[in-house]
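# return a 3D structure for these sequence lines:
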Amino acid sequence: MANFNASNTTESAWRLFYERWNYRQESIPSIKSKPQVRDFSFAEDVLYGRVDTRLNTVYPKEERMKVISSDSNVENSFRLLDFAADAFEKVKSAMASARDNGTIPSNSVIFSNFNIKKAYEDPADLYNNYMNTLMDKYIFEYLSDQNNKKNVFKFVDFLNHFLIFLKKQKKHTPVTFTSWQRSKTSSIFSSGIAIDIGGLEFGEDPITEERVLKNPCFNYYLNVCKQNGFLVSHLSPTLMVADILSPGLEPYANQNGLYTTESIFARCYNYTYTIDYEILQNKLVDNYNLFVGNYPIERVVSSKCMKTTTSKIIERTPVSLHGAQQDIPVSSWLAMYANIRNIEEGFALGNKMYNKLIKQIKTTKNLDSVQSMRYINDTFRETYKRKYGGLNYFIKRDQRKQQQRGSSPHAASSDLDSADTTAYTSSPSGGSSGDY
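Numbers count the residues shown, from 1 in each chain. Have a look, this model is predicted:
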């Protein structure tokens, strides 16, 4: 019988929680002695490879991507950042040598035939698909089905109602590329340094136990990953993630001209906030024109007296990007962007900080959108360390627990009751883990 029984079909919430906890505690023995094993569902590691050392949100530069072909199908190629690709090729070669010389069995589906099942996913494409779905929801459900389109005749009306629509959402709803890249709608595969060689369904612990944890190749695989600078996911151990500038990865970084952690992020990644402004304008203009194309006219009925009504037809007209930029000042665009960011972040700034930000935007002379976007990004970035789910959150929570235990004679409890369970369950929107 399997030791780990959590499955995506488990109906009991308590049973699922217990089984997940059991897996986390017991799946890889002496986990503290295996530094290459990492829980990518905990604190800032949720965003590993998607934020830099200062928590700026990033995405890979296309020119640094390198193609890796799969042995099983030469047409099925994958991409990784160059240093991660070189390191993976070494891991793959080491596993093949171990198979050929009998160090590991030759009949392991996963480890004896070491091939990529999933790697880099272009965040731009994924974000574009996400935004198309979100804007369809706004136009066809909120504006049309809820009869709000009768109040939208101009582009500015479209923008104002979009903010209302966002505030009505019950869960975290990313709009900017920055917020999307930090959210659970993105994934570690958008980092350019993550590779899955198993193709197993996430959350099916019995399958993971049987095919991976009990596999005679597993310990050798862990050692090869460590030697070549890869972390292995605790929850999905066929997921390999480049351990940026670790001793094992350093040679591959160096041969690609990368010598510090800072240089890796500077030379291999872009900041998402640098393209947020342009993307937001284009998305809103394109979707306003989609709205106009689907609903070019609106019959407006008005009442002159109790028995008399009149109606008139109002025609909506599309707007060009240039026209929208001319009609709406840069300061107003930036203020709207800041408003959307604050909504996305669960109003993290608070009224005082938010009003200060808007005042700074609207009173700055010779307003430059690039500098202003940097200022807005820095303002929100400063809030990340205080958020629910970040490492600071867990440190402070544990400190409070220690203080409570010291003052209460009845504070002790069973191991399961006192386990750190918050990181394993869902958390409020807008933090460093959970929805972020």
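# following element in sequence after the lowest-mean-pLDDT helix or strand in the chain, please.
Between all helices and strands in the chain, the lowest mean by mean pLDDT, DSSP states H and E belongs to helix 13-26, at a mean of 48. The helix or strand immediately downstream of helix 13-26 is strand 37-38, counting by DSSP states H and E.
# need the single longest helix in the protein, by residues.
helix 273-294 (DSSP state H).
# need the contact list for the residue lying closest to residue 295 once chain neighbours are set aside.
Nearest non-adjacent residue to residue 295, counting by C-beta to C-beta, 6 or more residues apart in numbering: residue 149, 5.7 Å away. C-betas here are computed from N, CA, C, even on glycine. Shown in contact with residue 149 (C-beta atoms under 8 Å, 6 or more residues apart in numbering): 143, 291, 295, 298.
# so who does the second one touch?
For residue 291, the contacting residues are 139, 143, 149, 152, 158, 316, by C-beta under 8 Å, 6+ apart.
# go again using 7 Å as the cut-off
139, 143, 158 (C-beta atoms under 7 Å, 6 or more residues apart in numbering).
# next one, pLDDT for the closest residue to the second one other than its chain neighbours please.
Read it as residue 143. Spatial nearest neighbour of residue 143, chain neighbours left out: residue 149 (4.3 Å); criterion: C-beta to C-beta, 6+ apart. With respect to pLDDT, residue 149 scores 94.
# low pLDDT regions in this structure?
1-33, 43, 69-76, 202-206, 303-307, 365-366, 386-436 (pLDDT under 70).
# distance-wise, check the closest residue to residue 296 other than its chain neighbours relative to residue 355.
Nearest in space to residue 296, with sequence neighbours left out and distances taken as C-beta to C-beta, 6+ apart, is residue 316 at 5.7 Å. Residue 316 sits at a distance of 34 Å from residue 355 (criterion: C-beta to C-beta, to the nearest Å).
# which one's more surrounded, these two?
Using other C-beta atoms under 10 Å as the criterion, residue 316 and residue 355 rank with residue 316 on top: 22 against 11.
# show me the contacts for residue 260.
Taking C-beta under 7 Å, 6+ apart as the test, what residue 260 contacts is residue 245.
# how close does it get to residue 47?
20 Å.
# residue 68 now?
Distance from residue 68 to residue 47, by C-beta to C-beta: 24 Å.
# the more surrounded of these two?
Taking other C-beta under 10 Å, residue 68 and residue 47 do not tie; residue 47 has more neighbours (24 against 19).
# quick check: domain ranges of this structure?
32-121+187-259, 128-177+271-328, 329-387, 391-424 (automatic domain parsing).
# what about the second one, start to end distance?
Same thing as domain 128-177+271-328. For domain 128-177+271-328, the first-to-last residue distance is 24 Å (C-alpha to C-alpha, to the nearest Å).
# how far out from the middle of the chain is that domain?
26 Å (C-alpha atoms, centre = their mean, to the nearest Å).
# contacts for stretch 165-178, please.
Counting by C-beta under 7 Å, 6+ apart, 57, 127, 134, 138, 142, 180, 183, 185, 272-273, 275-276, 279-280, 340-341, 343-344, 429-430, 435 sit against stretch 165-178.
# how does it look with 6 Å?
Under the contact criterion C-beta atoms under 6 Å, 6 or more residues apart in numbering, stretch 165-178 has outside partners 57, 127, 138, 142, 180, 183, 272-273, 276, 279, 340, 343-344, 429-430, 435.
# which of those has the most neighbours?
Result: residue 57 is most packed of those (other C-beta under 10 Å), 26 neighbours.
# so that one sits against residue 182, correct?
Yes - if you go by C-beta atoms under 6 Å, residue 57 and residue 182 touch, sitting 5.5 Å apart.
# before we move on, the earlier item: now the contacts of residue 291 as CSV including distance to residue 196, neighbour count and secondary structure?
As requested, the contacts of residue 291 are exported to CSV (distance: C-beta to C-beta, whole Å; neighbours: other C-beta atoms under 10 Å; DSSP: H, G, I helix; E, B strand; the rest coil):
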residue, distance to residue 196, neighbour count, secondary structure
139, 36, 22, helix
143, 40, 23, helix
158, 40, 23, helix
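# what would the residues you listed look like in a markdown table with distance to residue 327?
Formatted as a markdown table, the contacts of residue 291 follow (distance: C-beta to C-beta, whole Å):
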| residue | distance to residue 327 |
| --- | --- |
| 139 | 21 |
| 143 | 20 |
| 158 | 12 |
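# ok, these vs residue 351, which is closest?
residue 158 (26.1 Å; C-beta to C-beta).
# from residue 323, how far out is the closest residue to that closest one other than its chain neighbours?
Counting by C-beta to C-beta, 6+ apart, residue 158 lies nearest to residue 288, which is 4.6 Å off, once chain neighbours are set aside. Computed as C-beta to C-beta, the residue 288 to residue 323 distance reads 11 Å.
# if we can go back for a sec, dump the longest helix of the chain to PDB, restricted to CA.
Presented in PDB, the C-alpha positions along helix 273-294 are these (Å, rounded to 0.1, in the frame of the first residue of the first chain):
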ATOM      1  CA  TYR A 273       7.000  47.000 -15.600                       C
ATOM      2  CA  THR A 274       9.000  48.400 -18.600                       C
ATOM      3  CA  ILE A 275       6.300  47.100 -21.000                       C
ATOM      4  CA  ASP A 276       3.200  47.400 -18.800                       C
ATOM      5  CA  TYR A 277       2.400  50.900 -20.000                       C
ATOM      6  CA  GLU A 278       2.400  50.100 -23.700                       C
ATOM      7  CA  ILE A 279       0.600  46.700 -23.300                       C
ATOM      8  CA  LEU A 280      -2.100  48.200 -21.100                       C
ATOM      9  CA  GLN A 281      -2.900  51.000 -23.600                       C
ATOM     10  CA  ASN A 282      -2.900  48.600 -26.600                       C
ATOM     11  CA  LYS A 283      -5.100  46.100 -24.800                       C
ATOM     12  CA  LEU A 284      -7.700  48.600 -23.700                       C
ATOM     13  CA  VAL A 285      -7.900  50.300 -27.100                       C
ATOM     14  CA  ASP A 286      -8.100  47.000 -29.000                       C
ATOM     15  CA  ASN A 287     -10.900  45.800 -26.700                       C
ATOM     16  CA  TYR A 288     -12.800  49.000 -26.800                       C
ATOM     17  CA  ASN A 289     -12.900  48.700 -30.500                       C
ATOM     18  CA  LEU A 290     -14.000  45.000 -30.100                       C
ATOM     19  CA  PHE A 291     -16.800  46.300 -28.000                       C
ATOM     20  CA  VAL A 292     -17.700  48.900 -30.600                       C
ATOM     21  CA  GLY A 293     -17.600  46.300 -33.300                       C
ATOM     22  CA  ASN A 294     -20.000  44.100 -31.500                       C
END
